[in-house]
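Visitor: sequence and predicted structure are below.
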Amino acid sequence: MSYQETHRRSLEQPAEFWSGLAEELHWYRRWDHVLDDSNAPFFRWFVGGETNMCYNAVDRHALGSKRGQAALIWESPEAEQSRTLTYHELYREVNKLAAVLKYNGVERGDRVIIYMPMVPEAIFGMLACARIGAIHSVVFGGFSISSLASRITDAEPTMILTADAGLRKGSPVQLKPIVDEALDLAETDSVKHVLVYNRDIINCQMQEGRDLDWYEEIEQHGQQYVEPERMKSTDPLYILYTSGTTGKPKGVVRDTGGYMVALHASMSQVYNVGDGDVYWSTSDIGWVVGHSYIVYAPLLKGVPTVAYEGRPDHPDPGIWWRIIEKYGVTCVFTAPTALRALRKFPEHWMKNADISSMRRIFSAGEPLDAPTYEWATEVLQVPVIDHYWQTESGWSMLANSVGIEDLPIKGGSPTFAAVGHHLEVVDIDGNPVPRGTKGLLVDYPPLPPGMLMTLWRDDERYIKSYWSHFQDKLLYLTGDYAIQDEDGYFFMLGRADEVLNVSGHRLGTREIEEVISAHPAAAEVSVIGVRDEIRGEAVLVVAVLKSHISKADEDNIANEMRQLVRDRIGAIATPHGVHFVSTLPKTRSGKIMRRVIRAVYQGDNLGDISTIEDDATVDMIREAVDAMQREL
Ligand code: AMP
C-alpha cells in the first residue's frame, strides 16, 4: 500500500489501523476500546488493555527464539570497554535489579529518577522500573544541581539510581556528588534511597542508611525472576522533563500501551528495520530519542541496539565508523550536530573503515542543513533521512516512512506526516495557509498513540501549553514554524517560542535567564539563541549590569555567569558569549525583544520593527538598537 493510502487509512480508521499493529505484541488482557477520545485533548489508547513494556521488550525474546541473540551492545571509548548482552543475559540483569528495587521499597506507581551515564546499568534501571510498574524519570547526566533538584521536587521519587561519575573525553563528570547537593536543594523528602553504581572513577561519600551500593544490593537481593506487573495500557511508563517557555521544566508523561504499539510499529514503518538488522541511535538515554530508540523500540522489535558512551570524535574522528564496521550496523540514527562535527575532519577517517553494512542514516533533533545533508549523502553513500519529532511525540511526527514507501528525498525536508498524524501549517488563527507560506505547525486531534498523555500532575499546563492557542479550535501546537512546498513536503523553520535548540537539545531561555539573574551584579538579563556552525544554535547572554559595576570587573563577571550556568544547569547550556549593554530593547509592557537582539547580534535585517510587537515604542527600540550596535 502506498504512503498516501496508508496515511489516509490511519486517519480515517484509527481503531482498525492501530489495533492490527497492537496485536503483534503481548497483552495480558485485550483492550475494550482502541481509542477513547471522550475527554479531548486527553486521548487514551487501548483502554482496558493490560500489558508490560519490559515483558514485551525483554521476556518475549529472552524466553523465545532470540534468547541467545545480541540485545544490547555497549561501546564505551570513554571507559575503553565494550560489552554485549544477549536477550537472556539482559533478562537476568533486569530481573536482578527489579528485585533490588522491590526489596528497597519501590512500588508500582512510585517514581525512580535515573541520573546515570551511558552504561548498561542505566538501561537495566529503565527496564527494571517498567517491569515492576515504577515510573522512571531519566535525567540527562550532563545536567547539574538545579536541573536535577527541580526534577526531584516535581517527580517526588522514592529512589534515585546514579553512578559515581560519567566520563567526558577521559575526564570525570561528577554524578553522585551532584545528587547529594540536589537532594539538599530539592523541596521534598520523598527519596528514601540512592542506589550507587560505583565505577571507581571518583571517590564518593555514602550516606549511611540512605545510599546503597549497586553490587552489594544485587549480590544480596538480586533474584532470578520477578513477576512483571500487569500494567494498564494507560498507566504512565515514564516522565521525561523538557524545557518550555517558563523556568520550570515540563514533565512529559508517556503511557504504556500506546507508546509500546507506536514504537514497535515505527521500527518497520519509519526505519524499515527488522530481523538481521543492527540498530544504533547515537543519542543518550537522557533524551527522548534515547528512551525510544536506544532502549524500547529496538528491544521491542528484537534487534540488537548499540548504546554508546562517548563523543563522535574521541579518541579520534574514526571511532563511529569503526563501530559500524565492528558490529555491522545497518541503521544509524543521529543528529545534525554530530554530522557537522564529523564533517570538519578529513574523509580518510571514514574511508578507513568498512561501513558498507549501513543502509540508511536517519537524522533528527534540529534542522538538517543543506551542506551537511549533501556532505553526508555524498561521503556516506547512503540515503540520509531527516525526520522531525519532539519529546512530546515520543516518535516521529514527520518522516519519510521508508518501510511503507521509500519516497524521493528532498534535502532539508523531513517529508510528510507519519501515520496517525494529521499535520498542517496554519496562521495565527489556526487556519491552514497556502502552500509556500510560512506558518505554525499543528497536529489535528486525536493525537496518535505514543504522544504525551499530559504533563506530570499539571493537566492545566498541558492544555495551556499545547491546546489553547487558537480560539474555538482544538489544535496541538508543536511550537515550530514550518512551510510546505508545492508537493506538500514540509520544511521546518525553527521554534516559534523562546526555546533554544543547542546540539539538537531543547533549552529554555527562561531557565538560563533565571540562573544568571541570580548573579549579584545582574540588573537585566536576556538569553537568546544565535546561529552556530556546529551546534545549530549557541547560547548568547546579553545583560545589563547594575549601575555601580565598573567596566574593569566585566570580564570576571562574565566568567562567573558562565560558571553559574555550568554549575546549576549543566555544560550543555554554557553561554557561548556574555555581553553587557546599557539597555535592552523592550515592548511597552516590558517584554524583552529577543528577536531584535538576535538580529542586531547576527547582523540580520531588522525589518520593520514597529510591527514586531504591537505595543512596542519604536523610538525606544531604535535607541536600544543603536546602543547595542555600538556595544555588541
Ligand atoms: P526535543 O523535544 O528536545 O527533542 O526538541 C524538539 C524540537 O527540536 C522540535 O520542536 C524542533 O524544534 C526541533 N526538531 C526536532 N527534529 C527536527 C527536524 N528534523 N528538523 C527541524 N527541527 C527539528
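Guide: Yep, it's here. Numbering: from 1, shown residues only.

Visitor: use CA for all of it now, contacts and neighbours both
Guide: OK.

Visitor: show me what the residue nearest to P383 when sequence neighbours are not counted is bridged to.
Guide: Spatially, and ignoring its direct neighbours in sequence, P383 is nearest to R360 (5.3 Å; C-alpha to C-alpha, 6 or more residues apart in numbering). Beta-bridge partners for R360, by DSSP bridges, are C331.

Visitor: pretty sure R360 contacts L380?
Guide: No: between R360 and L380 there is no contact under C-alpha atoms under 8 Å: 9.2 Å.

Visitor: residues from the stretch 1-150 of the chain in reach of the ligand?
Guide: Residues of the stretch 1-150 of the chain found near the ligand (C-alpha under 6 Å from any ligand atom): none.

Visitor: for the stretch 1-150 of the chain, which residue gets nearest to the ligand?
Guide: Here the stretch 1-150 of the chain gets closest to the ligand at one residue, F140, 11.6 Å apart by C-alpha to the nearest ligand atom.

Visitor: just for the stretch 501-632 of the chain, where's the confidence low?
Guide: Along the stretch 501-632 of the chain, the parts satisfying pLDDT under 70 run over 587-590, 606-621.

Visitor: how about the residues of it near the ligand?
Guide: Neighbours of the ligand within the stretch 501-632 of the chain, by C-alpha under 6 Å from any ligand atom: H505, R506.

Visitor: could you measure from the residue nearest to I152 when sequence neighbours are not counted over to the ligand?
Guide: Using C-alpha to C-alpha, 6+ apart and skipping the chain neighbours, the partner closest in space to I152 is A186 (6.2 Å). A186 sits 24 Å away from the ligand, going by C-alpha to the nearest ligand atom, to the nearest Å.

Visitor: now do A186: how many residues are near it, please.
Guide: 19 (other C-alpha atoms under 10 Å).

Visitor: how near is it to E533?
Guide: According to C-alpha to C-alpha, to the nearest Å, A186 and E533 sit 37 Å apart.

Visitor: quick check, stretch 289-301 touching the ligand?
Guide: No: in terms of C-alpha under 6 Å from any ligand atom, no part of stretch 289-301 sits within range of the ligand; the closest distance is 7.2 Å.

Visitor: hmm, who's touching that stretch?
Guide: With C-alpha atoms under 8 Å, 6 or more residues apart in numbering as the test, stretch 289-301 has contacts from 56-58, 71, 123, 260, 263-264, 266-267, 274, 279-285, 304-307, 391, 394-395.

Visitor: which among the residues you listed count as buried?
Guide: Buried members of the contacts of stretch 289-301, scored by 16 or more other C-alpha atoms under 10 Å, are 56-58, 71, 123, 260, 263-264, 266-267, 279-285, 304-307, 391, 394-395.

Visitor: model confidence score at the closest residue to the ligand within the stretch 101-250 of the chain, please.
Guide: Using C-alpha to the nearest ligand atom, T242 is the residue of the stretch 101-250 of the chain that sits closest to the ligand, at 6.4 Å. You'll see T242 listed with a pLDDT of 93.

Visitor: which regions of the protein lie under the pLDDT threshold?
Guide: Short version for the chain, where the test is pLDDT under 70: 587-590, 606-621.

Visitor: quickly list what the residue of the stretch 101-250 of the chain closest to the ligand is bridged to.
Guide: Beta-bridge partners for T242, by DSSP bridges, are K250.

Visitor: tell me how many other residues crowd it.
Guide: T242: 20 surrounding residues under other C-alpha under 10 Å.

Visitor: my guess is it contacts K250. True?
Guide: Yes: shown here, T242 and K250 form a contact pair, counting by C-alpha under 8 Å, at 5.3 Å.

Visitor: sorry, back to before: against F124, how distant is the residue of the stretch 1-150 of the chain closest to the ligand?
Guide: For F140, the distance to F124 equals 16 Å [C-alpha to C-alpha].

Visitor: V578: what secondary structure?
Guide: Judged by DSSP: H, G, I helix; E, B strand; the rest coil, the three-state class of V578 is strand.

Visitor: quickly list what the nearest residue to it once chain neighbours are set aside is bridged to.
Guide: Nearest residue to V578 in three dimensions, chain neighbours excluded: V541, at 4.6 Å (C-alpha to C-alpha, 6+ apart). Per DSSP bridges, the residues bridged to V541 are V527, V578.

Visitor: who's in contact with V541?
Guide: When contacts are counted by C-alpha under 8 Å, 6+ apart, V541 touches V525, S526, V527, I528, P575, G577, V578, H579.

Visitor: need the residues you listed in a markdown table (columns: neighbour count).
Guide: Output for these, formatted as a markdown table (neighbours: other C-alpha atoms under 10 Å):
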| residue | neighbour count |
| --- | --- |
| V525 | 23 |
| S526 | 21 |
| V527 | 26 |
| I528 | 25 |
| P575 | 22 |
| G577 | 14 |
| V578 | 19 |
| H579 | 16 |
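
Visitor: report all helices and strands that the longest helix seen in the chain contacts.
Guide: In the chain, assigned by DSSP state H, the helix with the most residues is helix 87-103. On a contact count with 3 or more C-alpha pairs under 8 Å, 6 or more residues apart in numbering; DSSP states H and E, helix 87-103 meets helix 60-62, strand 70-76, helix 120-132, helix 214-221.

Visitor: pick the most buried one from those.
Guide: Sort those by mean neighbour count, taking mean count of other C-alpha atoms under 10 Å, and helix 120-132 sits at the top with a mean of 25.

Visitor: then that one to CSV, C-alphas only?
Guide: The C-alpha trace of helix 120-132 is given here as CSV (Å, rounded to 0.1, in the frame of the first residue of the first chain):
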residue,chain,number,x,y,z
PRO,A,120,24.2,-0.8,30.5
GLU,A,121,23.1,-0.5,34.2
ALA,A,122,21.2,2.7,33.3
ILE,A,123,19.2,0.7,30.8
PHE,A,124,18.7,-2.2,33.2
GLY,A,125,17.3,0.5,35.5
MET,A,126,14.7,1.7,33.0
LEU,A,127,13.6,-1.8,32.2
ALA,A,128,13.5,-2.9,35.8
CYS,A,129,11.2,0.1,36.6
ALA,A,130,9.0,-0.8,33.7
ARG,A,131,8.9,-4.4,34.9
ILE,A,132,7.7,-3.5,38.4
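
Visitor: quick one: it to chain centroid distance?
Guide: For helix 120-132, the separation from the chain centroid amounts to 18 Å (computed by C-alpha atoms, centre = their mean, to the nearest Å).

Visitor: what of stretch 82-92?
Guide: Here stretch 82-92 is found 25 Å from its chain centre; the criterion is C-alpha atoms, centre = their mean.

Visitor: for stretch 228-239, same thing?
Guide: Distance, stretch centre to chain centre, for stretch 228-239: 20 Å (C-alpha atoms, centre = their mean).

Visitor: now swap in stretch 384-395 and tell me
Guide: Relative to the chain's own centre, stretch 384-395 is displaced by 9 Å; criterion: C-alpha atoms, centre = their mean.

Visitor: ok, now stretch 455-469?
Guide: With C-alpha atoms, centre = their mean, you get 19 Å for stretch 455-469.
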